[in-house]
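> Build me a model from this:
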Amino acid sequence: MSSSQRLATRRSVLAGAALIVGGGLAPEVLAQNFPITPGQRSTAEQVAAAGVPLSDLAPDAPDTYIVKPGDTLWAISGLYLRQPWRWPELWGMNLEQIRNPHRIYPGQTLYLEKLNGLARLRAGQPPQGMPPAVETVRVSPRVRINGLPDTAIPTLPPQVIEPFLNEAILVEDAGLLDRAPRIVSAPDERVLITEGDRAYVRGRTGTPLVETDSRRADLFRVFRNAVPLRDPLTSRVLGYEAAYLGSAELVRSESVQPVRTSAGKVVDTIVPATIDITRAKEEMRVGDRLLPEPPRVFSSYVPRAPALAVDGNIISVYGDAVALIGQNQVVVLNRGAAEGVENGNVMAILKSGRQLQDRSEPRERAEIKLPDERSGLLMVFRTFEHLAYALVLEITDTVMVGDRVTNPR
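This is a model prediction of the structure:
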């Protein structure tokens, strides 16, 4: 192998080391290619030209801030602006220096300038008259090739959403659930099945469960009790949500083999497929079903207000049944891509105002309804045709299933 071939091979290996676990592009490529809509860029350019009015700044916006590990774009936007989803304005305050808002790193210092009733945010060297936040250290340069993790701060804490992307099971086609393979038995007539156990599975009659590609493992998610999700106003079924139990890998395909019966007759008999349970959130049992594990998709969760008017409801909360919804919980909305909802859309949660009788005028006693009041914020991170999953980001009052969601103000 020539020296140039060895160098190319080494670079390929190092590039592979930088790939995100589970497949996909390297973090740097993903971050640099996060979508920035024309509307977001236009807003940023307008702010870059004029600055942000001081009235739009958060009351305690710091003059200097050093980006720390664990920071998020959402948190820093909220640190400087009253509405964190207005991130294009934060970006526009420093459009020349922060050309890509997704490339903000721990250790960078942000400086807030206030002049003529307007504010600008700058990075790197401090504005004139402001001392540097950290001492400058000079080092001797040297060249090396290494696979390093990307350290740019994310939009939201990844640990909040990533586990959910591996677990949530929501389908809009009832037929898909009917055709889902089912566990029919476990070794030694075991009743409960857990991680590390083997189990046997059958597909629907006429649709045996077989290996799809011998070059890679067939992975499945095991679920139970798919329940319909209905629109609260029309009662129309929008989809089905199932309880995630764990994950499994197909070991052997379902087949038909000749088997000799006790009477000595040879009969073609179904031999179920074999699976190994690779992860168990709950114990599984006969009757639980499987769906193929979807490909890993890395999306950019860029907080922004919806482009269209949205008026929907929270119709379900993911996980165990709870009466009240808390921060960092995942909920299902009855609005999706068909209604203009996109990943990254931030919406206000509205608590319905009470209905009561107006007793201020004894002769009228009219029935009135108090205005809906905002009780929190959520952000959509996965959309379907008429449904969407969203993460609750802020809670200022009690939030419950049935509460309205609409554009933030």
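> can you map out the helices along the chain?
Using DSSP state H, the helices of the chain run over 3-17, 27-32, 38-50, 73-80, 87-92, 158-165, 174-178.
> Name the residues of the longest strand seen in the chain that come out as buried.
Ranked by residue count and defined by DSSP state E, the top strand of the chain is strand 237-252. Under the neighbour-count criterion of 16 or more other Cβ atoms under 10 Å, strand 237-252 has 238-248, 250 buried. Any C-beta I mention is one placed from the backbone N, CA and C, and that applies to glycine too.
> Likewise for stretch 207-214?
For stretch 207-214, a neighbour-count test (16+ other Cβ under 10 Å) marks 208-209 as buried.
> Stretch 57-76 too?
Buried, per 16+ other Cβ under 10 Å, within stretch 57-76: 57, 61, 65, 67, 71-74, 76.
> Please apply the same query to stretch 198-209.
So stretch 198-209, judged by 16+ other Cβ under 10 Å, has buried residues 199-203, 208-209.
> Ends of that stretch, what's the gap?
One end of stretch 198-209 sits 16 Å from the other (Cα to Cα, to the nearest Å).
> ok, and what's touching it?
With Cβ atoms under 8 Å, 6 or more residues apart in numbering as the test, stretch 198-209 has contacts from 178-187, 193, 248, 250-251, 253-255, 270, 272-277, 284, 290.
> let's go with 7 Å and repeat that
With contact meaning Cβ atoms under 7 Å, 6 or more residues apart in numbering, stretch 198-209 is reached by 179, 181-187, 193, 253-254, 270, 272-277, 290.
> Are any of these buried, and if so which?
With burial judged by 16+ other Cβ under 10 Å, the buried subset of those is 181-183, 186, 193, 253-254, 272-275, 277, 290.
> returning to that earlier point: of the buried residues of stretch 57-76, closest to V259?
Proximity of the buried residues of stretch 57-76 to V259 was ranked by Cβ to Cβ; the top entry is T72 with 59.1 Å.
> Surely G117 touches S55?
No: using Cβ atoms under 7 Å, G117 is not in contact with S55; the gap is 8.6 Å.
> show me the residues around the spatially closest residue to I349 that is not a sequence neighbour that make contact.
Distances taken as Cβ to Cβ, 6 or more residues apart in numbering put G376 closest to I349, at 4.1 Å, once the chain neighbours are dropped. G376 is in contact with 349, 392, 394-396, 399, counting by Cβ under 7 Å, 6+ apart.
> Any idea what G376 is bridged to?
Here G376 sits in beta bridges with I349, I395, going by DSSP bridges.
> Now do it, the pLDDT please.
On pLDDT, G376 comes in at 92.
> Over to G336?
Note for G336: predicted pLDDT of 94.
> Where does pLDDT dip in this protein?
1-51, 87-104, 124-160, 162-166, 215, 296-301, 319-323 (pLDDT under 70).
> Okay, domains of it per the record?
Residue ranges for the domains of the chain, per automatic domain parsing: 21-123, 164-292, 311-406.
> could you redo the ones you listed as JSON lines and give each row distance to V302?
Output for those, formatted as JSON lines (distance: least, Cβ to Cβ, whole Å):
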{"stretch": "domain 21-123", "distance to V302": "6"}
{"stretch": "domain 164-292", "distance to V302": "17"}
{"stretch": "domain 311-406", "distance to V302": "4"}
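> Relative to A388, how far out is L350?
Separation of L350 from A388 (Cβ to Cβ, to the nearest Å): 17 Å.
> and if you look at R230?
Applying Cβ to Cβ, the value for R230 to A388 is 15 Å.
> who's more crowded, those two?
A direct count of neighbours by other Cβ atoms under 10 Å for R230 and A388 places A388 higher, at 28 against 15.
> In this structure that one contacts V341, no?
Yes: A388 lies in contact with V341 (Cβ under 7 Å); the separation is 5.1 Å.
> Common neighbours of the two, please.
335, 380.
> wait, what's in contact with G340?
Residues in contact with G340 (Cβ under 7 Å, 6+ apart) are 306-308, 310.
> buried subset of those residues?
The neighbour-count test (16+ other Cβ under 10 Å) marks 306, 310 as buried among the contacts of G340.
> got TSV for the contacts of G340, with distance to T383 too?
Output for the contacts of G340, formatted as TSV (distance: Cβ to Cβ, whole Å):
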residue	distance to T383
P306	11
A307	13
L308	13
V310	12
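> Just give the number of residues close to P294.
11.
> From S247, how far off is it?
From P294 over to S247 the distance is 12 Å, taken as Cβ to Cβ.
> try L333
26 Å.
> same deal with G117?
Plainly put, G117 is 56 Å away from S247 if you go by Cβ to Cβ.
> Please apply the same query to H386.
Applying Cβ to Cβ, the value for H386 to S247 is 27 Å.
> swap in Y318?
Here Y318 is placed at a distance of 17 Å from S247 (Cβ to Cβ).
> Cool, thanks, talk later.
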